[in-house]
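In: Fold the stuff below for me.
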Amino acid sequence: MEPTPLEPVSEDWERALVVVAHPDDVEFGAAAAIARWTDAGKTVVYCMVTSGEAGIDGIAPDECREIRIAEQIASAKIVGVDSVEFLGLPDGTIEYGVALRRAITEVVRRHRPEIIITNNFRETWGGSMPNQPDHMAVGRAALNTAGDAGNRWIFPEQLVDGLEPWGGVTQVWAAGSPDGKHGIDTTDTFDRGVESLKAHKAYIDGLGWENFDPAEMLEGMSRPTGSRLGVTHATSFEVFSMTWGE
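Out: Numbers count the residues shown, from 1 in each chain. Take a look at the predicted model:
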């Protein structure tokens, strides 16, 4: 059976906010797309809900936190992102709920994006491999904040010192979702996506994956996705519209 073709995502926007659980979540698939958009002059801001402090078994959290923050900032610069925020919630034990929605909503109201980009928050990656709990919680919350941010009666305590509701989010995109039906050509920026993943050296080394090759790993995802879009490399997204009738 032929794979289902992908529909290109809209690029008719100027500001995007990336909301993910951990440093490295963007780089395992979507960073090359970010590079495409920053090259086009679009503004992209990263929001890391945790600092990834529980991500390296051999390094204690307090030390790991600083390493991973530094690696994420360096990785973001490779793809043209200069603004990286860390909310500092506890890595590995993120709970979906009002507190998480509140924290992300404040970031959305400050940056006023048209697009929110998060990671796959389905229970699996499309097979038998389960998704990670932090991914599922953060992705669901990021989707919800697209509506929360525009409602002045939700988290009204945030609306001080000139901060206003923001109802301008038109779509939320979940990268790598098994239900993704949209995609974007990343052929020209694929190599920078690889370099951005390589910037997470301490994390990759800590995984203990023998002979891990970032380029090979990313190609394993981007080439099949690219074939569905008629290009060499691509990133896929599940698109949620915040506009009635679309």
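In: Quick one: the helices in this structure, in order.
Out: 31-39, 61-78, 98-111, 133-148, 190-198, 201-207, 214-229 (DSSP state H).
In: Mean pLDDT lowest where, among these?
Out: Mean pLDDT values for the helices of the chain show the minimum at helix 201-207, a mean of 93.
In: Mind listing what's buried along that one?
Out: Neighbour-count burial for helix 201-207 flags 202-204, 206 (criterion: 16 or more other Cβ atoms under 10 Å). Placement of C-beta: from N, CA and C, glycine included.
In: Residues in contact with it: which ones?
Out: 23-24, 52, 55-59, 67-68, 71, 197-198, 212, 214 (Cβ atoms under 8 Å, 6 or more residues apart in numbering).
In: Show me the beta-bridge partners of the residue nearest in space to the middle of the chain.
Out: For the chain, residue 118 is the residue whose C-alpha lies nearest the centre (Cα atoms, centre = their mean; 3.8 Å). With DSSP bridges applied, residue 118 shows beta-bridge pairing to residue 174.
In: Tell me the predicted confidence for it.
Out: Confidence for residue 118, expressed as pLDDT, is 98.
In: is it true that it touches residue 18?
Out: Yes: the pair residue 118 and residue 18 passes the contact test of Cβ atoms under 8 Å, sitting 7.4 Å apart.
In: Now do the contacts for the residue lying closest to residue 113 once chain neighbours are set aside.
Out: The shortest distance from residue 113 to any non-neighbouring residue, by Cβ to Cβ, 6 or more residues apart in numbering, is to residue 17 (3.8 Å). Going by Cβ under 8 Å, 6+ apart, residue 17 touches 44-45, 47, 107-108, 111, 113, 115-117.
In: Kindly recompute the last result at 10 Å.
Out: 43-47, 83, 85, 104, 107-108, 110-118, 142, 145-146, 149, 169, 172 (Cβ atoms under 10 Å, 6 or more residues apart in numbering).
In: quick one: it and residue 180, what's the gap?
Out: Taking Cβ to Cβ, to the nearest Å as the measure, residue 17 falls 19 Å from residue 180.
In: Residue 144 too?
Out: When residue 144 is compared with residue 180 (using Cβ to Cβ), they lie 19 Å apart.
In: Look at these two and report which has more neighbours.
Out: residue 180 (23 against 18; other Cβ atoms under 10 Å).
In: What residues does the closest residue to residue 238 other than its chain neighbours make contact with?
Out: In space, and not counting its chain neighbours, residue 238 is closest to residue 177: 3.6 Å by Cβ to Cβ, 6+ apart. By Cβ under 10 Å, 6+ apart, the contact set of residue 177 is 118-122, 125-126, 131, 139, 236-240.
In: Whichever of those residues end up buried, select them in ChimeraX.
Out: Applying 16+ other Cβ under 10 Å to these, the buried members can be selected in ChimeraX as follows:
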select :118,119,120,121,122,131,139,236,237,238,239,240
